[in-house]
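Participant: Kindly return the folded structure for what I paste below:
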Amino acid sequence: MAFRLHSRLILLNGCAIGIVTLLLGYFLGSSIKGTMESEIEGQLYKSATLAKAYIRVHPDRDDPIRLANDLAMALDVRVTIIAPDGVVLGDSDMTPASIRTMENHSNRPEVIQAFKTGRGTSIRWSATVGIPFIYVVTMADGRILRLAMPLATVDALIGGLRRQLALAMLISIGMTLIFGYMVYAFVSRPLRRMAEASQELAVGNLNHHIPEVGDTDLAQVGTSLNVMARSLRVKMEELVEDKRHIESIIETMSAGVVVFDRDARAVLANKSIRQLLEVRGDPTGRTPLELVRHSAIEGAVRQALQGIDVPSVDFTTAGGKVLMAKATPVQQLSGQVDRAVVVFHDLTELRRIERMRKDFVTNVSHEFKTPLTSIRGYTETLLNQPPENPQLTAEFLQAIERNAGLLQSLIEDLLVLALLESEPPVEKTPVKIGELIEEQVHSRARLLEEKKIDVQVECPSVEVLADRGRVARAISNLLDNAIHYNRPSGQIRIIGRQTSEGFAIAVADTGFGIPKEDLTRIFERFYRVEKSRTRDTGGTGLGLAIVRHAVESQGGSVSVASKLGVGSTFTIILPTDLSPDSKSKTTHWN
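Facilitator: Numbering: from 1, shown residues only. Here you go, the predicted model:
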C-alpha cells in the first residue's frame, strides 16, 4: 500500500507538470505569435509609407522590376508591384523571367481588400515562394504596392520556446522521480513497517514491539505507540480487577442482563431480568430455554457463543410483556469467544404507543378521504358536466361547502386534541360553572330553536377551581353531541351538583342511546357508534376524546351511562376545594 501511495504521488506530480507545461507553451506561443505578427504588420505599414514616398521622388519609378529590387534592398522586405488588373509587374524575390510567368494576383485576399479599402493585410502561405508570409498592400501611383515579410523567424522563436519548456518539463519530472524515491525511502517504507506492526496491536497482541525507524517524527510515532501498548496492557489488567465493580453496575441496570458461559448456562443475571422474565429463584446455572420458553433466544445465545453477530429477537412473554433480546459475543484478548451477553429491553409500552400511532394515522387518513372524495366528485361534475338545473348546481355547491366545513372541523379538533395531549400547563382559576353552562347554551339558542329541543339547566351558584378554557371545551362538546344526536323535539338536562369526589356536571339527552358494547370505546379517537349518522350531523369523531383529555388533564374524570332508545348521560367530575352555595338555579331553554 505504501508503494502505491508514493507511486500515485509521482504520477500526479508528473501529470500536473506536463499539463502546466503544455498549457504554458500553448498560451505563451499564441501570445508571442500574435504580438510579433502585430509588430511586423505595423512595421510593414511604416515601410509601405516610406516606399510610396520613395516612388514619388525616384527617377526610375517607371521600371517596376528595378523599383521593387531597390525598395527591397532599402527596406529589407519582399516588395511586389502589381498592376491594377492583377498582373505582377515586379517582385524582389523573383527573376525577370519568372515574373512574366507568375499568375495573376487579383484574387489574392490582401489585393482584394486593398481594392475595397485602399489597404489590405493577410497572413497566409505564399503559393509562389512556398513559405508563410505576412502581407501588407497599399495603393501607390495607380499601382498596387505589396510588402511582405516571412514568418519563419516567428516560428523559429516559438519552436525554441517550446523546446525549452519541454526540457524544463523533463527536468521537473526527473526531480519528481528523485523526490518520490526519497518519500518512499524515508516516509512510506517506515510507515508500512509501522502499519504492519500496528495491526498486531489491533488484534490484541500488546506485547508486539513497533520498530522505531524513519526520521525523527516517525520514530517518535513508533515510540508513542509502544508506550500506548504498554499502557493498554496495564489497563487490561486493571479491567480484570474491576470486574466486580462492573457486575455491581449491571445489577442496577433497568434492562435485563444475562451472561452465559461456553456451555450456554447463565453465570450472571441482574435483578431486572427476574422481573422481566418473571423468573422464580436464582437464574444462574440455567440454560436460555429454562429462562425463556422461546427457541429463538436459545438459538441466538448459541450463535453468539460461536462469535456470530446475531440480530435482535422480539418475543412476548406468558404475562403479555413484549421484550427485545440482543445477544452479543464477548471475546477474550486472544480473540476467542468465551461468553455471550443477552440484554432484554421491555418494549411493551413502546409497542402500545406505536400501535396507537398507526391507528391514529389510519383513522385520520380515512376521515379525510371521505369528504375529500365528495368534494372532488362534485367539483369534477361541475367542471366537466355542469348541470343545467341551477337548483342542482346549488345542491352540489352546498355539498362541497358541507364537506369543506367537516374538514375544517376535523382539523380544528385535531389541533385542540394535539394541544391537550402535549400536556400544556393547567391554569386553574375560580370558574362560575353555572354562568359557563348558561353561556354555552345561549350560544346555541338558534340551533336549539330549529331542532325544537328543550334544555333544562340545574346548577347551584358555585365557583370551582379549574381551567376555564378546558372546562368550556368539554361542556361545549357534550352539549353539541346532545343536540346533534337527540330526537326531534327532544330534551337536554344539564345538572351540576357537589359530590364526595368533586363537582359533577351531568349532560343528559333523550337521543338514540349507545349500545352497551360501545360504551367502553366511546372516548377513543375517531370511534363512532354509527359512522354514517355521525358524518350526516357534521361530527369528526374527536369530540369525546377532547372531552376526556380536557377533564383528565385537570385531575378530573368523565363517564357515560346510556340506554338504547332512551338517551345518554355524560358526567364530568372536577376536583374542587371550594364550597358551593346551597342555593340552586334552574333555567329552561326551549
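Participant: the bottom helix or strand of this protein by mean pLDDT?
Facilitator: Least confident element among the helices and strands of the chain, by mean pLDDT, DSSP states H and E: helix 531-536 (a mean of 48).
Participant: and the next element down the chain from that one?
Facilitator: helix 543-552 (DSSP states H and E).
Participant: what about that following helix, average pLDDT?
Facilitator: For helix 543-552, the mean per-residue pLDDT is 83.
Participant: cool, stretch 238-252 as well?
Facilitator: 76.
Participant: what does that stretch rub up against?
Facilitator: 257, 268, 270-271 (C-beta atoms under 8 Å, 6 or more residues apart in numbering). C-beta here means a position set from N, CA and C on the backbone, and glycine is covered the same way.
Participant: Just flag the most distant two among those.
Facilitator: Using C-beta to C-beta, those span at most 11.8 Å, a distance reached by L268 and K271.
Participant: Those two: which has the busier surroundings?
Facilitator: More neighbours surround L268 than the other of L268 and K271, with 19 against 14 (other C-beta atoms under 10 Å).
Participant: just to revisit the earlier point, rebuild the contacts of stretch 238-252 as a markdown table, extending it with secondary structure and distance to Q491.
Facilitator: Formatted as a markdown table, those follow (DSSP: H, G, I helix; E, B strand; the rest coil; distance: C-beta to C-beta, whole Å):
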| residue | secondary structure | distance to Q491 |
| --- | --- | --- |
| V257 | strand | 63 |
| L268 | strand | 70 |
| N270 | coil | 63 |
| K271 | helix | 60 |
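Participant: Redo those as CSV? Include pLDDT.
Facilitator: Compiled in CSV, the contacts of stretch 238-252 are given as follows (pLDDT from 0 to 100):
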residue, pLDDT
V257, 86
L268, 81
N270, 82
K271, 81
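Participant: and of the residues you listed, the nearest to D467?
Facilitator: Among the contacts of stretch 238-252, and counting by C-beta to C-beta, the member closest to D467 is K271, at 41.4 Å.
Participant: so how far is V258 from the closest one?
Facilitator: With distances taken as C-beta to C-beta, to the nearest Å, K271 is found 12 Å from V258.
Participant: Just give the closest residue to E463, not the sequence neighbours.
Facilitator: P430 (4.2 Å; C-beta to C-beta, 6 or more residues apart in numbering).
Participant: Can you pull the phi/psi pair for the one you found?
Facilitator: Backbone torsions of P430, given as degrees, to the nearest 10, read phi -60, psi 120.
Participant: Please report the confidence value the model assigns to it.
Facilitator: 90.
Participant: so it makes contact with R468?
Facilitator: No: counting by C-beta atoms under 8 Å, P430 does not reach R468; the two are 9.1 Å apart.
Participant: more crowded one of these two?
Facilitator: Taking other C-beta under 10 Å, P430 and R468 do not tie; R468 has more neighbours (16 against 12).
Participant: Spit out the contact partners of that one.
Facilitator: Contacts of R468 by C-beta under 8 Å, 6+ apart are 429, 431, 436.
Participant: Tell me the secondary structure of G555, please.
Facilitator: Three-state call for G555 (DSSP: H, G, I helix; E, B strand; the rest coil): coil.
Participant: ok, it to G502 distance?
Facilitator: Taken as C-beta to C-beta, the span from G555 to G502 is 9 Å.
Participant: Which residues are in contact with each of these two?
Facilitator: Joint contacts of G555 and G502 (C-beta under 8 Å, 6+ apart) are P575.
Participant: re the thing from before, sort out which of the contacts of R468 are in helices and list them.
Facilitator: L436 (DSSP state H).
Participant: burial of G120, as a residue count?
Facilitator: Neighbour number of G120 under other C-beta under 10 Å is 21.
Participant: mind checking the SS state of it?
Facilitator: G120 ends up strand, using three-state DSSP.
Participant: Equivalent analysis for P425, please.
Facilitator: coil.
Participant: Roughly how far does it sit from V551?
Facilitator: Remark: distance between P425 and V551 (C-beta to C-beta) = 16 Å.
Participant: Please identify which of those two sits among more neighbours.
Facilitator: V551 (23 against 7).
Participant: Once you drop chain neighbours, what's closest to the more buried one?
Facilitator: V551 sits nearest to V558 (C-beta to C-beta, 6+ apart), 4.9 Å away.
Participant: That neighbour against H549, yeah?
Facilitator: No: using C-beta under 8 Å, V558 makes no contact with H549, being 9.7 Å away.
Participant: Neighbour count for these two, which is higher?
Facilitator: Ranked by neighbour count (other C-beta under 10 Å), V558 and H549 place H549 first, with 24 against 20.
Participant: Sketch out the helices for the stretch 251-400 of the chain, chain order is fine.
Facilitator: 271-276, 288-291, 295-305, 348-384, 390-421 (DSSP state H, counting those that start in this stretch).
Participant: Looking at those helices, which is nearest to L478?
Facilitator: Nearest of these (C-beta to C-beta): helix 390-421, 14.1 Å.
Participant: Could I get the buried residue list for whichever strand or helix holds F179?
Facilitator: Per DSSP H and E: F179 is located in helix 152-183. For helix 152-183, a neighbour-count test (16 or more other C-beta atoms under 10 Å) marks 154, 158, 162, 165, 169, 172-173, 176, 180, 183 as buried.
Participant: What ranges does the stretch 1-150 of the chain have for its helices?
Facilitator: For the stretch 1-150 of the chain, the helices defined by DSSP H, counting those that start in this stretch cover 2-57, 64-75, 96-101, 109-117.
Participant: Need the mean per-residue confidence for the last one.
Facilitator: On average, the pLDDT along helix 109-117 is 82.
Participant: again with the second one
Facilitator: Taken as a whole, helix 64-75 carries a mean pLDDT of 80.
Participant: The helix or strand harbouring A472: which residues count as buried?
Facilitator: Using DSSP H and E, A472 sits in helix 468-484. Across helix 468-484, burial judged by 16+ other C-beta under 10 Å covers 468, 470-484.
Participant: Now V154: closest residue in space that isn't a chain neighbour?
Facilitator: M36 is the one closest to V154 (C-beta to C-beta, 6+ apart), at 4.9 Å.
Participant: V441 is in contact with A482, isn't it?
Facilitator: No: using C-beta under 8 Å, V441 is not in contact with A482, being 10.5 Å away.
Participant: ok, now which ones touch the residue nearest to V551?
Facilitator: 474, 523, 547-548, 551-552, 570-573.
Participant: Thanks again, I'm all set now.
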